[in-house]
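> model this:
(one chain, ligands or ions: 1)
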Amino acid sequence: MRILLLPALLVLVAAGNAAQIQVDHPWARASAGDAKTGAAYLTITDQGQPDKLIGASTPVAATAEVHETMANMGMMTMRATTGIALEPGKPVALAPGGYHVMLMGLKAPLKAGDNFPLTLRFEHAPPVTVTVNVEPITATH
Ligand SMILES: [Cu+2]
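The predicted structure follows:
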């Protein structure tokens, strides 16, 4: 009996630890000159329960905030969000012109070819740290 139960238990433990949040293609644009702000982009797919992206942090910037871009009286502006809702199985893109992770107080300019860690925080799922690739300043995807 014990021999039969053990594998079942291991499967349960493995399922509990499976990544609930999938993050694809994390990238950022290289800094223009010595700009102290930047933005990181990525696509999040929630593989678990409904959740919310509520924050981010990275060692390369003093602050990271989840922002949304919006048109306000003909001007594109952005503001911090209280969170981005994630629905199971529905990818949410953080991309130029929309949601992004704003990096403020960059400790050094982002250079194409470099990469840096970015930790995403969720309402329910445990934090996820991804590696953000810095792409040329002309990158749009
Ligand atoms: Cu922003």
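> When you work out contacts or count neighbours from here on, use the C-alpha atoms and nothing else.
OK.
> what about the closest residue to Pro127 other than its chain neighbours, how many residues close to it?
The shortest distance from Pro127 to any non-neighbouring residue, by CA to CA, 6 or more residues apart in numbering, is to Arg121 (4.7 Å). If you count neighbours by other CA atoms under 10 Å, Arg121 ends up with 18.
> Which residues are in contact with Arg121?
Leu53, Ile54, Gly55, Ala56, Pro127, Val128 (CA atoms under 8 Å, 6 or more residues apart in numbering).
> Narrow these to just the buried residues.
Leu53, Ile54, Gly55, Ala56, Val128 (16 or more other CA atoms under 10 Å).
> From Ser31, how far out is the residue nearest to Pro127?
The gap separating Arg121 from Ser31 is 24 Å, by CA to CA, to the nearest Å.
> ok, back up a step: name whatever forms a beta bridge with the residue nearest to Pro127.
Gly55 (DSSP bridges).
> I'd guess Pro96 is in a strand, am I close?
No. Counting by DSSP: H, G, I helix; E, B strand; the rest coil, Pro96 is not part of a strand but coil.
> what's near enough to touch it?
Pro96 touches Tyr41, Thr140, His141, counting by CA under 8 Å, 6+ apart.
> can we see that at 10 Å?
Contacts for Pro96 (CA atoms under 10 Å, 6 or more residues apart in numbering) come out as Ala28, Arg29, Ala39, Ala40, Tyr41, Glu68, Thr69, Ala139, Thr140, His141.
> and the two most separated of the residues you listed?
Glu68 and Ala139 (19.4 Å; CA to CA).
> Between the two, which is the more surrounded one?
Here Glu68 and Ala139 are compared on neighbour count by other CA under 10 Å; more neighbours surround Glu68, at 22 against 13.
> where does this structure dip in pLDDT?
Along the chain, segments meeting pLDDT under 70 span 1-18.
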